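Asks: Next input, structure requested:
(2 chains)
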There are 2 protein chains.
Amino acid sequence: MTEDEVDTPALLIDLDALEFNLDTMAAALAGTGTRLRAHAKTHKSPVIAHLQIARGAVGQCVQKVAEAEILAWAGVPDILVSNEVVGADKLARLAALARITHIAVCADDAGQVAALGRAAQEAGITLSVLVEIDVGAGRCGVSPGSPAVVLAQQIAAHPHLRFGGLQAYHGSAQHLRRHEQRHFAIKAAADDTRRTVEQLRQQGLECAIVGGAGTGTFALEAASGIFTEIQAGSYCFMDADYAANLADNGHPVHQFRHALFVLSTVMSAARPGVAVLDVGHKAVAIDSGLPQVWNRPGVTYVGASDEHGTLAITAGAATPRIGEKLRLVPGHCDPTVDRFDWYVGLRRGRVECLWPVAARGGIN
Amino acid sequence: MTEDEVDTPALLIDLDALEFNLDTMAAALAGTGTRLRAHAKTHKSPVIAHLQIARGAVGQCVQKVAEAEILAWAGVPDILVSNEVVGADKLARLAALARITHIAVCADDAGQVAALGRAAQEAGITLSVLVEIDVGAGRCGVSPGSPAVVLAQQIAAHPHLRFGGLQAYHGSAQHLRRHEQRHFAIKAAADDTRRTVEQLRQQGLECAIVGGAGTGTFALEAASGIFTEIQAGSYCFMDADYAANLADNGHPVHQFRHALFVLSTVMSAARPGVAVLDVGHKAVAIDSGLPQVWNRPGVTYVGASDEHGTLAITAGAATPRIGEKLRLVPGHCDPTVDRFDWYVGLRRGRVECLWPVAARGGIN
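Replies: Coordinates of the predicted model:
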């Protein structure tokens, strides 16, 4: 089947571009002393997880227990829930996974450390717990320094918990457009993290993992000398938002290729200068900006409703015909992937594979 | 199981409120001469479709073939695809549905009418086709008047097509906040529609269906004397965006109750005045505004990332505890429903049913 025979909306992977991105990240981290623990919240796919591990990734990050289960059931050997997990049901499921994979989780609260300890004890396992510190994102995490040390000591003192290190992700730094902005933010995050690692060491607590970073900043964390694991996710696909980041020369960062597209069909063109696609915000996420039309100069995606995307066509540009298929580059890949049940893998215009988006959905 | 035992994120229906809304709409349209063809793009559920039909709805609207298939397979007897359908594969699937249900579709292009005719001929069926006219939404649809008549004549002349009437939905009028604004917009839409119906009649073409309207304006279309079918969808659940519409007395319209909620859990509260929920924009749509926290004065949902929602807590308000469950009223119900595989139906705090969100996803 060729690309033009794929019905729409469809979630496409350009397999050559995906493999290029996976190889590029592996090469970028080689020799830095920092390993990749790719974030599965982007791809939600055990297939891609195994491709990353085959290229040297130490394992995977996930954001919730349901994602961890999907990966564990598919044989991923080392999984970090880079997030807090709350509630007895979820903690029991988390602890049960320790029987079939190496699993670790984050905490930022003494009561939750106690709850993790009870769940691990009831399951008869020992659970690795990282302390999450807030290094600038302003979301979850205790303050760096003493609050983190207190929590780490509580973890280390529990017979069914193991202190696993620090989670130090600076989410809001990922899309700072200018290189100096990202450099400045990650320097501060790395300084906070280093200080906390040293205070822990003074108390006899070693960090097996110091994890953080995303696609926008990973080279900075890798060069810091303090992070041991990089949690980049979007690099495998790239999206329009990350592609707008600038390098230190002021030009867009061109390290990774766009490998993820939503295929759309023109469904209406009743007025001059306007066409309507069958892809609205139910099929492409718009939280980080509208999608970009791929390789169609003068054709711009200007409005998304539930099931329709409106295109503006500049004078002189070729007007898309009804029935014509257009690729869109999503503004944000993670939630776009979440809208679909299947990936359609393409290589040089032909369908090579269908992969399930196994860990998609508002799952708990 | 009680509500507090439901794991999160979960998509809740307050069944009493749902039934109240269904009854209220049935009562509102009784005696108007206008019937309800409820839009299934909101609920995506054959169960709710049948509840609406049991209260007098003539059938259902859908936005795409995959939704029509899900409803047809579940025995819904009368389905209008209130949208254009493009591509030979989809048209063949659409035509096949005419064997098991009454199916109709919209068109706004002569080439697409020809394609519909070919698909109907190949399937050996006669397909009802409505002409979509643009009555102000500025998306799909030909202009009212002569362009619609030309297209209707083309449909009527085809041996495998039947002219089914007009689709005249004014989408952008639904959320005009002031009553006068909506009144003005729908008056113009109804005038355009009436003029087109009369021109068609002069050519010997009767409109079996004159359809349009949504939750924001349906009373205006129902009172216009020209619309025969109301396509409201959101009324069954209501969302924060529709709840912000004002009645002619300047106060919010209070006709329907909030029946749809996303249940969330507080997962972090590491800093004063802030808490973090496990519901971000992967579990609640933010295209029409952030969700509202239900029945928790002083607690406001102020930021959504993929898997986290940030709450601001005003001084003096009760701070949510880690593990506490909070209901959220979505900003926009249709795409929020799309994020989930299951509804959890609650009546007075206890789980009564699980219903599949059967027609969800970026399906084609």
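Asks: Could you spell out which stretches of chain A belong to which domain?
Replies: A:3-9+A:254-356, A:32-236 (automatic domain parsing).
Asks: now the helices: where do they sit in the stretch 201-350 of chain A?
Replies: A:218-223, A:240-243, A:333-338 (DSSP state H, counting those that start in this stretch).
Asks: measure the residue in the stretch 1-150 of chain A positioned nearest to chain B to B:S146 for me?
Replies: Nearest residue of the stretch 1-150 of chain A to chain B (CB to the nearest CB) works out as A:C140 at 4.0 Å. Backbone N, C-alpha and C define where each C-beta goes, glycine included. A:C140 sits 61 Å away from B:S146, going by CB to CB, to the nearest Å.
Asks: before we move on, back to that, now do the same contact list for the closest residue in space to the residue of the stretch 1-150 of chain A closest to chain B that isn't next to it in sequence.
Replies: Among residues not flanking A:C140 along the chain, B:S268 sits closest, at 4.0 Å (CB to CB, 6 or more residues apart in numbering or on different chains). By CB atoms under 8 Å, 6 or more residues apart in numbering or on different chains, the contact set of B:S268 is A:E84, A:D108, A:D109, A:R139, A:C140, A:G141, B:A275, B:V276, B:I322.
Asks: about what we covered before: of A:C140 and B:S146, which one has the most company?
Replies: Higher neighbour count among A:C140 and B:S146: A:C140, with 27 against 11, using other CB atoms under 10 Å in any protein chain shown.
Asks: so who does that one touch?
Replies: A:N83, A:E84, A:C106, A:D108, A:E132, A:D134, B:M267, B:S268, B:A270, B:V276, B:H308.
Asks: Dump the helices of the stretch 201-350 of chain A to a markdown table, plus distance to chain B and mean neighbour count.
Replies: Listed next are the helices of the stretch 201-350 of chain A as a markdown table, based on distance: least, CB to the nearest CB, whole Å; neighbours: other CB atoms under 10 Å in any protein chain shown:
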| stretch | distance to chain B | mean neighbour count |
| --- | --- | --- |
| helix A:218-223 | 18 | 22 |
| helix A:240-243 | 12 | 20 |
| helix A:333-338 | 5 | 26 |
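Asks: Now tabulate these in TSV and tack on mean pLDDT.
Replies: TSV is the format used below for the helices of the stretch 201-350 of chain A (pLDDT from 0 to 100):
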stretch	mean pLDDT
helix A:218-223	97
helix A:240-243	92
helix A:333-338	96
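Asks: Tabulate those in CSV, adding columns for distance to B:R55.
Replies: Output for those, formatted as CSV (distance: least, CB to CB, whole Å):
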stretch, distance to B:R55
helix A:218-223, 56
helix A:240-243, 45
helix A:333-338, 34
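Asks: who wins for proximity to B:E206 among these?
Replies: Each of the helices of the stretch 201-350 of chain A has some distance to B:E206 by CB to CB; the shortest is helix A:333-338, at 44.3 Å.
Asks: where in chain A is pLDDT low?
Replies: Within chain A, the stretches with pLDDT under 70 are A:362-364.
Asks: By residue count, what's the longest strand in it?
Replies: strand A:260-268 (DSSP state E).
Asks: Alpha carbons only: can I get that one in PDB?
Replies: In PDB, the C-alpha atoms belonging to strand A:260-268 read as follows (Å, rounded to 0.1, in the frame of the first residue of the first chain):
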ATOM      1  CA  LEU A 260       5.700  12.000  12.800                       C
ATOM      2  CA  PHE A 261       2.900  13.200  10.600                       C
ATOM      3  CA  VAL A 262      -0.900  13.300  10.600                       C
ATOM      4  CA  LEU A 263      -2.200  12.400   7.200                       C
ATOM      5  CA  SER A 264      -5.300  14.400   6.200                       C
ATOM      6  CA  THR A 265      -7.600  14.700   3.200                       C
ATOM      7  CA  VAL A 266      -9.100  17.900   1.700                       C
ATOM      8  CA  MET A 267     -12.800  17.500   2.200                       C
ATOM      9  CA  SER A 268     -14.200  20.900   1.100                       C
END
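Asks: The one helix or strand A:N83 maps to: partners in the sheet, and parallel or antiparallel?
Replies: Assigned by DSSP states H and E, A:N83 falls within strand A:78-84. Looking at strand A:78-84 with DSSP bridges, its partner strands are strand A:59-62 (parallel), strand A:102-107 (parallel).
Asks: In JSON lines: the ones you listed, plus mean neighbour count and distance to A:S224.
Replies: Shown next, in JSON lines, are these (neighbours: other CB atoms under 10 Å in any protein chain shown; distance: least, CB to CB, whole Å):
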{"stretch": "strand A:59-62", "mean neighbour count": "28", "distance to A:S224": "18"}
{"stretch": "strand A:102-107", "mean neighbour count": "25", "distance to A:S224": "20"}
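Asks: Redo those as JSON lines? Include distance to B:D14.
Replies: Listed next are the strands paired with strand A:78-84 as JSON lines, based on distance: least, CB to CB, whole Å:
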{"stretch": "strand A:59-62", "distance to B:D14": "32"}
{"stretch": "strand A:102-107", "distance to B:D14": "33"}
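Asks: And the contacts of stretch A:298-308?
Replies: Contacts for stretch A:298-308 (CB under 8 Å, 6+ apart): A:267, A:275-278, A:280-284, A:286, A:290-293, A:309-314, A:316-318, A:320, A:326, A:328, B:41, B:63-64, B:83, B:139-140, B:171, B:287, B:334-335.
Asks: mind listing what's buried in that stretch?
Replies: A:V299, A:Y301, A:G303, A:A304, A:S305, A:D306, A:E307, A:H308 (16 or more other CB atoms under 10 Å in any protein chain shown).
Asks: hang on, the earlier thing: sheet partners, orientation included, of the longest strand of chain A?
Replies: In the sheet, strand A:260-268 lines up with strand A:10-14 (antiparallel), strand A:274-277 (antiparallel), strand A:325-329 (antiparallel) (DSSP bridges).
Asks: and of these, who's closest to B:L97?
Replies: When the strands paired with strand A:260-268 are compared (using CB to CB), the closest one is strand A:10-14, at 21.3 Å.
Asks: May I have the closest one as CSV, with CA atoms only?
Replies: Extracted in CSV, the C-alpha atoms of strand A:10-14 (Å, rounded to 0.1, in the frame of the first residue of the first chain):
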residue,chain,number,x,y,z
ALA,A,10,-3.9,8.6,10.0
LEU,A,11,-0.8,8.8,12.2
LEU,A,12,2.3,8.3,10.1
ILE,A,13,5.8,7.5,11.0
ASP,A,14,8.6,8.1,8.5
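Asks: which strands and helices sit next to the next helix-or-strand element following it?
Replies: Following strand A:10-14 in sequence order, the next helix or strand is helix A:15-29 (DSSP H and E). Secondary-structure packing of helix A:15-29 (3 or more CB pairs under 8 Å, 6 or more residues apart in numbering or on different chains; DSSP states H and E): strand A:35-39, helix A:46-54, helix A:218-223, strand A:342-347.
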